[in-house]
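Q: coords please:
(one chain, ligands or ions: 1)
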Amino acid sequence: MTGRPCSKVACIDEAVSTLTYVYADSMAVLGPLSQTAEPHSYDLCARHAERLSAPKGWQVVRHVVLGSA
Ligand SMILES: [Zn+2]
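A: This is a model prediction of the structure:
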């Protein structure tokens, strides 16, 4: 475990996925946790990744299956 925390303020959960904003295409891409921190990307825990909502006019692209049980 790398133990990277969720980037949401006041959230202490461990990050499980990385959100990257692609400004050129107005896309918020949610994928597996990246190995390195990149600009314009945010690490999110499962809870916040699930609740993710993109800004108006933006498209959310999910590369991971969340909450499969
Ligand atoms: Zn969180």
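Q: how many other residues sit next to the residue lying closest to residue 25 once chain neighbours are set aside?
A: Setting aside the residues directly before and after it, residue 25 is nearest to residue 59 in space (C-beta to C-beta, 6 or more residues apart in numbering), at 7.7 Å. Bear in mind the C-beta positions are built from the backbone N, C-alpha and C, glycine included. Counted by other C-beta atoms under 10 Å, the residues lying close to residue 59 total 11.
Q: likewise for residue 60?
A: Around residue 60 there are 13 other residues, counting by other C-beta under 10 Å.
Q: what sits closest to it if chain neighbours are left out?
A: Once flanking residues are discounted, residue 60 sits nearest to residue 54: 4.6 Å by C-beta to C-beta, 6+ apart.
Q: and that neighbour, helix, strand or coil?
A: Following DSSP: H, G, I helix; E, B strand; the rest coil, we place residue 54 in the coil state.
Q: isn't it up against residue 28?
A: Yes: assessed by C-beta atoms under 8 Å, residue 54 is found in contact with residue 28 at 4.4 Å.
Q: overlap of the contact sets of the two?
A: Common neighbours of residue 54 and residue 28, using C-beta atoms under 8 Å, 6 or more residues apart in numbering, are residue 60.
Q: for the residue nearest the centre of the chain, give me its contacts.
A: Nearest to the geometric centre of the chain sits residue 19, at 2.9 Å (C-alpha atoms, centre = their mean). By C-beta under 8 Å, 6+ apart, the contact set of residue 19 is 28-30, 41-44, 49, 52.
Q: among these, the buried ones, what's the ChimeraX command?
A: Here is the ChimeraX selection string for the buried members of those, based on 16 or more other C-beta atoms under 10 Å:
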select :28,29,30,41,42,43,44,49
